[in-house]
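>>> Test case, fold it:
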Amino acid sequence: MDFTDLFPFASEIGYFGLGIASFFGSLIPFVPVPIIILLVTMSVGDQFNIHALAILAAITATIAKQIIFYISYTGRRIMNETTRKRMKPFERLAKKYGAIAAFVAAATPIPDDLVYIPLGLAKYNPKKFFVATLLGKIVLSYTIVLTSHFLGISLLEPFIADIEDPTAIYMGIIVFGAVLTVLVILLLRLDWARILGKVAPWTLYEDENNSDP
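Model (predicted):
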């Protein structure tokens, strides 16, 4: 299978299509891979402006992640008191290193929602989150676009050369997203006081200057 078989229509959807795909693709938690593949495909050759591709992908992805962040931000109201109490040490840790965590998650192809959802639950500063995430997405998008534009997709094709049906890759992505969803559920059930008590004992105590609402 050729790499371009995953998105045979990539050259036809244009900037608007990329923006829509990047936004809704990023709005679905834990499944960033298809958008990365689409961006790689569109970056090869000279049909599209590489700077427009990178900036558009970064902005639309950041807006989508901000929505996920706000859903998590308000979603803690529906958590029961036991879960909220269990999460408080992790929330304090997230608040202290929130900007760094958001930037690293955005600038690398890791499942960034594993970081963004806890930051929302911790009620991290929305403006700081947006700036850190946007900067990280710009770094990631430019890395993908420039690498694909100047090196082509030949570096990635050997990994899928023996796959005949792209459906297998799509199913793998769905399964990957489901596994990560389970991880978030488990994250909410962990006893963070016990986990962080030894390595970061300060997370066990309320910060009077930055108390939880």
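>>> What helices and strands are in contact with the host helix or strand of Thr147?
Following DSSP states H and E, the helix or strand that holds Thr147 is helix 126-151. Secondary structure elements in contact with helix 126-151, counted by 3 or more CB pairs under 8 Å, 6 or more residues apart in numbering; DSSP states H and E, are helix 33-43, helix 50-75, helix 98-107, helix 113-121. In short, each C-beta sits where N, CA and C put it, glycine included.
>>> Please repeat the previous calculation with a cut-off of 6 Å.
In terms of contacts (3 or more CB pairs under 6 Å, 6 or more residues apart in numbering; DSSP states H and E), helix 126-151 is packed against helix 33-43, helix 50-75, helix 98-107.
>>> In the second one, which residues are buried?
Put plainly, it is helix 50-75. In terms of neighbour count (16 or more other CB atoms under 10 Å), helix 50-75 has its buried residues at 50, 53-66, 68-69, 72-73.
>>> Packing partners of the helix or strand encompassing Met87?
Taking DSSP H and E as the criterion, the element that holds Met87 is helix 81-96. With contacts taken as 3+ CB pairs under 6 Å, 6+ apart, helix 81-96 sits against helix 192-196.
>>> Run the chain-centre distance for the helix holding Met87.
Centroid displacement of helix 81-96 relative to its chain, using CA atoms, centre = their mean, to the nearest Å, is 21 Å.
>>> and that helix, what's its mean pLDDT?
For helix 81-96, the mean per-residue pLDDT is 75.
>>> and if you look at stretch 66-74?
89.
>>> and for it, what are the contacting residues?
The list of residues contacting stretch 66-74 from outside it, by CB atoms under 6 Å, 6 or more residues apart in numbering, reads Tyr116, Ile117, Gly120, Leu121, Lys123, Phe129, Phe130.
>>> quick one: which of the residues you listed is nearest to Ala106?
Tyr116 (8.7 Å; CB to CB).
>>> got a list of what that closest one touches?
Per CB under 6 Å, 6+ apart, neighbours of Tyr116: Lys65, Ile68, Phe69.
>>> Which one of those residues is nearest to Lys96?
Closest approach between the contacts of Tyr116 and Lys96, by CB to CB: Phe69, at 17.2 Å.
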